[in-house]
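# Model the structure of this input:
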Amino acid sequence: MSADRTATAPVNPTRITSIDALRGLVMFTMIYVNDIAGAGKIVPDWMVHFSERHQGGSGMTFVDLVFPAFLFIVGMSIPFALGRRIGQGEPLWKTLLHIAGRTVSLLFIGILMVNESPDSGKMGWSAPLWVTWMYLSAILTFCSIAVAPESGKKLWRGVNLGLRVLGLASLIFLAFAFVGEDGHRIITLSPFSIHTEWYGILGIIAWSYLVGALVFLCFRGHSTALLATMVLLLCCYSADRKGFFGGFWVNRIVGIGGLAAHSAIVVAGLLQASVLTGTDSRTARERTRFTLWFIAGTAAGALLLNPLYGISKNSATTSWCLWSCAITAGLWLIFHWLCDIRSVVFLAKPLAAAGQNVFLAYLLSDLLPSALDLCGLGDWYGRLSQPSLTCAIARSAACAVIILAASVGLNRLGFRLKL
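Presented below is the predicted three-dimensional model:
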């Protein structure tokens, strides 16, 4: 009875604890699996990407769920971030400018990250120095230091702006200074070109966020329209596999098949979030019923489409997308009942705190190896994962906990990253 009473109240429109907790869990898992991957063959098959041990096979491990789960959460977060702007009466052009700025920023950082193997000899300075400097500059570029009103807001606004300008100038300098092992540069002016190879994880998030944000602006919380868009995007993936978009100019910028598949996951997150923002699903029972049907529908779709392309993260197949949506929605429902309905917040409080500053945690986790190498501690850190699997698991888990704790601590001090 108490659950129903709690559920009939409007859900907090600015911060949803269950989404933060799920985001924190996904970021913990991401840091953990990225770190333990360095331990090599002692890691069992189920702790690495399915494709690493089964070339050309069909299947997925929990590691293959991490990235799509983050995309799903991106979709769930969009209605609250953009909805707040719209609710405050922000003009459409300003919202579009914000979306474009966020997309370009993520693409820029993503391109720098995939070019993180500079040639020390050709550049004249060490690769760990370039990588460490790049991540520190990225952190400064998007930093936001919050202070109490009485502490001099005007002064700190100037400090924030100064740090961001310094970080951006450093990133531009590093982009032009980069020389790869094969002699390529990230940016050349004559002729103008940007060396991408691929856009990296952040780049994929950027393109998918762009599609998801535009879909939200078009349909807001209309679940039927969101479901139709999700299905259409999955159909675009199939059409691309059949060569339908072969001559389309967008393919020269970003592959339509991958873009459609990853964007479908973001739109699925939008659809799931409609139970928190829409007017048709206000009670715990209605939200649970919707989510269970969502899980059943996406799981059924994954089973039916499995014979078509199989389950593959690298190929972003439709079955992989739908399984990822079903599993992530199930995890969110657990957190939703614990945090938003039953208010058993203490069980998920550490994860929810970690989930409020994940971009910083992500950059810190990628910064760590190069920073240790720069300090001459890389070999020492590597030995912590040897010679047993137990040591590797302990090191990776400790690494994830420390990085998330550091991001939480910085967040409480008022230091966070804003895009």
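
# So for the spatially most central residue of the chain, what's the nearest residue that isn't a sequence neighbour?
The centroid of the chain falls nearest to Phe70 when counting by CA atoms, centre = their mean (4.5 Å). Of all residues not flanking Phe70 in the chain, Val26 sits nearest, at 5.3 Å (CB to CB, 6 or more residues apart in numbering). Using the backbone N, CA and C atoms, a C-beta is placed for each residue, glycine as well.

# pLDDT wise, what is the residue nearest to the centre of the chain at?
The confidence metric pLDDT takes the value 97 at Phe70.

# Can you tell me the element the nearest residue to His336 once chain neighbours are set aside falls in?
Excluding its sequence neighbours, the residue lying closest to His336 (CB to CB, 6+ apart) is Ser18, at 4.3 Å. Taking DSSP states H and E as the definition, Ser18 sits inside helix 17-36.

# which regions of the stretch 101-250 of the chain lie under the pLDDT threshold?
Along the stretch 101-250 of the chain, the model assigns pLDDT under 70 to residues 148-152.

# in it, which spans are helices?
Taking DSSP state H, counting those that start in this stretch to define them, one finds helices in the stretch 101-250 of the chain at 120-123, 127-141, 153-177, 200-219, 223-241.

# Then the stretch 251-400 of the chain?
Under DSSP H, counting those that start in this stretch, the stretch 251-400 of the chain gives helices at 256-277, 284-309, 318-335, 349-354, 358-374, 378-383, 389-412.

# Let me know the angle separating the first one from helix 318-335.
Relative orientation of helix 256-277 with respect to helix 318-335: 20 degrees, computed using axes from the mean of the first three to the mean of the last three CA atoms, to 10 degrees.

# Go through helix 256-277 and flag the buried ones.
Applying a neighbour-count criterion of 16 or more other CB atoms under 10 Å, one finds 256-277 buried in helix 256-277.

# repeat for the third one
Residues of helix 318-335 classed as buried under the neighbour-count rule (16+ other CB under 10 Å) are 318-329, 331-333, 335.

# For burial, what's the neighbour tally of the residue nearest to His336?
Look at Ser18: counted by other CB atoms under 10 Å, it has 25 neighbours.

# thinking it is in contact with Val344, fair?
No - if you go by CB atoms under 8 Å, Ser18 and Val344 don't touch, sitting 11.2 Å apart.

# Which neighbours do these two have in common?
The contact sets of Ser18 and Val344 overlap at Leu338 (CB atoms under 8 Å, 6 or more residues apart in numbering).

# Using TSV, lay out the helices of the stretch 251-400 of the chain together with mean pLDDT and distance to His195.
As requested, the helices of the stretch 251-400 of the chain are exported to TSV (pLDDT from 0 to 100; distance: least, CB to CB, whole Å):
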stretch	mean pLDDT	distance to His195
helix 256-277	95	19
helix 284-309	94	30
helix 318-335	97	29
helix 349-354	88	34
helix 358-374	90	19
helix 378-383	68	26
helix 389-412	91	29
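
# could I get those as TSV with distance to Lys154?
TSV is the format used below for the helices of the stretch 251-400 of the chain (distance: least, CB to CB, whole Å):
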stretch	distance to Lys154
helix 256-277	35
helix 284-309	44
helix 318-335	40
helix 349-354	30
helix 358-374	25
helix 378-383	43
helix 389-412	23
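
# quick one: which of the ones you listed is nearest Gly89?
Minimum separation from Gly89 across the helices of the stretch 251-400 of the chain (CB to CB) falls at helix 256-277, 17.7 Å.

# what's the closest non-adjacent residue to Ala146?
Once flanking residues are discounted, Ala146 sits nearest to Gly414: 4.0 Å by CB to CB, 6+ apart.

# Roughly how far does the residue nearest to Leu226 when sequence neighbours are not counted sit from Asp340?
What sits nearest to Leu226 in space, not counting adjacent residues and going by CB to CB, 6+ apart, is Leu271, at 4.3 Å. Going from Leu271 to Asp340 by CB to CB, to the nearest Å gives 18 Å.

# swap in Ile187?
Distance from Ile187 to Asp340, by CB to CB: 45 Å.

# More neighbours: which of those two?
More crowded of Ile187 and Asp340, by other CB under 10 Å: Asp340, with 22 against 15.

# so who does the closest residue to that one other than its chain neighbours touch?
Spatial nearest neighbour of Asp340, chain neighbours left out: Ser18 (5.0 Å); criterion: CB to CB, 6+ apart. Under the criterion of CB under 8 Å, 6+ apart, the contact list for Ser18 reads Trp332, Phe335, His336, Leu338, Cys339, Asp340, Ala348.

# For Val66, grab the count of nearby residues.
Count around Val66 with other CB under 10 Å applied: 23.

# neighbours of Ala146, just the number please.
Counted by other CB under 10 Å, the residues lying close to Ala146 total 14.

# Let me see the contact set for it.
Ala146 neighbours (CB under 8 Å, 6+ apart): Gly414, Phe415, Arg416.
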